[in-house]
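>>> take a look and give me a structure for this.
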Amino acid sequence: MGKIDKLLRASDDVRLPAQDTYVLAVNKTFYLLQTVVAWGVAVVLFLSAGGGEAAGGWDTYYWILCAVMALYGLAALYCAFTRKATFDNERITIPGFYPFMTEKLAWDDIDRAELTGVITYRSYIALIFKKIFASFFAHTELHVTRRSAPGVAAANFPVLERVADRKTALRIIRDKLGKRFTVYEGKY
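A predicted model of the protein is given here:
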């Protein structure tokens with residue numbers, strides 16, 4: 001059984017209370033990883049800022065970049081523990097890739113949403129290897145075709161990557177979209 005089948009079966013078992021607005025916690029790992037990377041870069045900049053004359057007068061810029069990366073790490077850490085994804089009668093609102101940014105998608109703007117498995121690769125050798133073990137390497141995405149952009153290919157709306165409880169989010173999406181929600185039936 002593939003990842004999509006497991007997720008669909010798990011979302012079938014979810015019992016949602018009847019309410020207008022659902023609020024779900026975000027995937028903390030997504031923002032904690034950004035925190036670690038930002039603070040790691042800040043430490044490297046901090047250690048390399050004391051170059052004196054060898055830095056050629058760039059030490060001030062190192063300190064500024066170090067402070068910016070440290071603040072970015074704090075913002076990502078704050079978002080990991082405070083941000084929520086909201087599903088109401090009008091739209092989906094999820095935290096954006098960057099802290100304090102939001103992404104919104106109106107239910108009426110969705111022409112079709114397709115749950116699909118995606119394999120990313122950098123070379124053909126990696127693709128061959130990943131296709132052999134597709135059930136392990138494929139990740140699940142929700143591709144959305146928007147009514148406001150006719151003729152544009154479906155794009156990933158990263159709600160399943162940003163929400164901690166994917167099965168509840170998928171259940172809400174399936175209930176709100178009805179027949180506009182589909183599952184990719186081909187091979188990946």
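>>> got the buried residues for the helix or strand of the chain with the lowest mean pLDDT?
Within the chain, no helix or strand scores below helix 134-137, which has a mean of 70 by mean pLDDT, DSSP states H and E. The neighbour-count check on helix 134-137 (16 or more other Cβ atoms under 10 Å) flags F137 as buried. The way it works is simple: take the backbone N, C-alpha and C, and place the C-beta from them, glycine included.
>>> return the distance of it from the chain's centre.
Centroid separation between helix 134-137 and its chain, computed with Cα atoms, centre = their mean, to the nearest Å, is 19 Å.
>>> restricting to C-alpha, output it in CSV.
Extracted in CSV, the C-alpha atoms of helix 134-137 (Å, rounded to 0.1, in the frame of the first residue of the first chain):
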residue,chain,number,x,y,z
ALA,A,134,9.1,4.8,-5.3
SER,A,135,7.0,3.9,-2.3
PHE,A,136,9.9,5.1,-0.1
PHE,A,137,11.1,8.2,-2.0
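>>> relative to R122, how far out is the residue nearest the centre of the chain?
Centroid-nearest residue in the chain, with Cα atoms, centre = their mean: E161, separated by 3.5 Å. In this view, E161 and R122 are 20 Å apart by Cβ to Cβ, to the nearest Å.
>>> E90 now?
Taking Cβ to Cβ, one finds E90 at 39 Å from R122.
>>> higher neighbour count, these two?
Neighbours per residue (other Cβ atoms under 10 Å) separate E90 from R122, with E90 holding more: 12 against 7.
>>> any chance you could map the strands in the chain?
Ranges of strands in the chain, per DSSP state E, are 22-25, 84-87, 91-95, 102-106, 110-118, 139-146, 155-156, 181-183.
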